[in-house]
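# dropping the sequence and predicted coords here.
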Amino acid sequence: MARKRYTPDQIIVILREAEVRLAQGEETGTICRSLEISEQSYYRWRRAYGGLKVSQARGLKDLEKENQRLRKAVSNLTLDALILREAFEGKF
């Protein structure tokens, strides 16, 4: 079976529908089967996106990208500093 990729917007819509159906008394397994997602995905999404609005999810993605970019910059600078330190000490 092919994997489906859901956008954060789609995930939030699915979580809202699941919350409504849970409030009506349906079981989690039944809801997940009808939404064609696994229970593991449901719980993982609920932990990551539960309570977020669509605009907040977009902001979260932007922050994650920025964080990744900054981590890469810091690692490059750290590597440069180590190389300079070794060159300064005379280790070639």
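Alright, I've got the coordinates.
# what sits up against the helix or strand Ile14 falls within?
Secondary-structure element containing Ile14, defined by DSSP states H and E: helix 8-23. For helix 8-23, the external contacting residues (C-beta atoms under 8 Å, 6 or more residues apart in numbering) are 6, 28, 31-32, 35, 37, 42, 45-46, 49-50, 52-54, 57-58, 60-61. Where C-beta positions appear, they are placed from N, C-alpha and C, glycine not excepted.
# apply 6 Å and report the result again.
Under the criterion C-beta atoms under 6 Å, 6 or more residues apart in numbering, residues 31, 35, 45, 49, 54, 57 lie in contact with helix 8-23.
# ok, and the closest non-adjacent residue to the second one?
Taking C-beta to C-beta, 6 or more residues apart in numbering, and ignoring the residues beside it in sequence, Leu35 has Ile14 as its nearest neighbour in space, at 5.7 Å.
# report the buried residues of the lengthiest helix in the chain.
Secondary structure of the chain read by DSSP state H shows that its longest helix is helix 54-89. Residues Ala57 are the ones in helix 54-89 that count as buried (16 or more other C-beta atoms under 10 Å).
# could you check how far that helix is from the centre of its chain?
With C-alpha atoms, centre = their mean, to the nearest Å as the basis, helix 54-89 stands 18 Å off its chain's centre.
# average pLDDT for it?
For helix 54-89, mean pLDDT is 89.
# picking up where we left off before, tell me which of the contacts of helix 8-23 is nearest to Ala87?
Nearest to Ala87 among those, counting by C-beta to C-beta, is Ala57 at 45.7 Å.
# for Ile83, see how far away that closest one is.
40 Å (C-beta to C-beta, to the nearest Å).
# one step back: any chance of the contacts of helix 8-23 in a markdown table, with distance to Ala23 too?
Below are those laid out as a markdown table (distance: C-beta to C-beta, whole Å):
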| residue | distance to Ala23 |
| --- | --- |
| Ile31 | 11 |
| Leu35 | 15 |
| Trp45 | 18 |
| Tyr49 | 18 |
| Val54 | 21 |
| Ala57 | 22 |
